[in-house]
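A.B. asks: kindly generate the corresponding structure for this input.
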Amino acid sequence: MTSLITPASAEPDTHDYVRDALGQRYTIRSSRVIDLNLFKVRVSSNVTDFAGYAFYTRFAPPEQACAYELVFVDLDQDPIDPALIEPFADQGYRADRFRGGSYITHHFGPPAYLVTRGNRIYVFGRELERTLWPYFTKRLLTSFAIDHGLVHLKAAAFVQPQGATLLFGRQKGGKTVFLTQACAAGARFLSNTHVLTGGATVYGVPSAMRIRRGPGFDQLIVSGRLEKHLEASEYRLDPDMIFGHEAIAEATVRNLCVIDYNPDRTPCFDEVGEEPFTAFLDLFACAPGTYGLKDDMLAHLGSDFYRYSAACTAMKRRMSELVGGARRFYINADMLDPVVRDRTLARLAEQ
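C.D. replies: Sure, this is the predicted structure:
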């Protein structure tokens, strides 16, 4: 499939006063271009082995044009007096949250300063890998979706010959187990956590999968094929390596599924109406509400009430059209049971 979306490129800076004022006080020691499928992000750091790169699996050549640039400056590596940063620092809700060490939802860490200049964002602080995936990836995906008429959803996704299946659900509801078991049974991996949708097309967002010990993953962990991730209890899984083939970049949506595995409840594979399914996605999948990005979205649109309202209305309309054009299911199934797994996947593949 060929995407109709042309990847964006960051506008060249005419003059970067932040770099002029502070650039001599730190040294960039590592830089990677992260490929998020529809766009790319240049991530640079004054830390040689910046741990944030481990969240991703696809990288582009350094000369590749990028939609955004993130510069992470660790103040333990290159100490800078906060009084020198403050005059350049952002003002507003998210900047205040970062100063207080509360980045987004349940993600916390040392205080940090945000300095935004167009599509380049500087972050000054400590342990900044804590912000790259939990906050910046979500924010940039949402901003890109707004600017390109797409919808950013929290969802896992895989592809069968008949089309793509998107998986939604509560935390620890079984989405990752469902996804890995589907791919182990022959489905093609599309995405683990984030997707962008436009019309009936879903675009994957390449990233590493973070898994913990449990019935679905113990064998992989014990095999020694996985490396430890940032958190002590997590392991890093590269889908391209584990599933034996490269992930698909985009596909036509066929099924939307709320996954809610609970062994104490009766197994089910229920069809769901448009209205209740859309209501669920509004709170559990649509990025601005799900990730607490409404203030970032407003700031991205120049704090303009009318632009913000129009963007929200368009986003909800696109999400409703996606729901209306696909088959919708609520599933409670033990995907670790091979018989149940094969029966469930067969139903999703039905014409």
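A.B. asks: ranges for the helices of this structure?
C.D. replies: 17-22, 82-85, 93-99, 129-131, 138-147, 175-184, 218-222, 239-242, 274-284, 287-290, 294-300, 305-324, 338-348 (DSSP state H).
A.B. asks: now render those as JSON lines, adding mean pLDDT and distance to Ile331.
C.D. replies: C-betas here are computed from N, CA, C, even on glycine. What follows is these, written out as JSON lines (pLDDT from 0 to 100; distance: least, Cβ to Cβ, whole Å):
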{"stretch": "helix 17-22", "mean pLDDT": "92", "distance to Ile331": "49"}
{"stretch": "helix 82-85", "mean pLDDT": "96", "distance to Ile331": "49"}
{"stretch": "helix 93-99", "mean pLDDT": "96", "distance to Ile331": "36"}
{"stretch": "helix 129-131", "mean pLDDT": "94", "distance to Ile331": "33"}
{"stretch": "helix 138-147", "mean pLDDT": "98", "distance to Ile331": "26"}
{"stretch": "helix 175-184", "mean pLDDT": "92", "distance to Ile331": "8"}
{"stretch": "helix 218-222", "mean pLDDT": "66", "distance to Ile331": "23"}
{"stretch": "helix 239-242", "mean pLDDT": "78", "distance to Ile331": "21"}
{"stretch": "helix 274-284", "mean pLDDT": "97", "distance to Ile331": "12"}
{"stretch": "helix 287-290", "mean pLDDT": "96", "distance to Ile331": "20"}
{"stretch": "helix 294-300", "mean pLDDT": "96", "distance to Ile331": "30"}
{"stretch": "helix 305-324", "mean pLDDT": "97", "distance to Ile331": "16"}
{"stretch": "helix 338-348", "mean pLDDT": "97", "distance to Ile331": "7"}
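A.B. asks: show me where pLDDT drops low in the stretch 101-250 of the chain?
C.D. replies: For the stretch 101-250 of the chain, applying pLDDT under 70 flags the ranges 216, 218, 220-233.
A.B. asks: the same query, at a cut-off of 80, please.
C.D. replies: 210-234, 236-237, 240-242, 244-247 (pLDDT under 80).
A.B. asks: beta partners for Phe59?
C.D. replies: Beta-bridge partners for Phe59, by DSSP bridges, are Ile34.
A.B. asks: please report the distance of the residue nearest the centre of the chain from Gln181.
C.D. replies: Taking Cα atoms, centre = their mean, the centroid of the chain lies closest to His194, which sits 4.0 Å from it. Distance from His194 to Gln181, counting by Cβ to Cβ, to the nearest Å: 20 Å.
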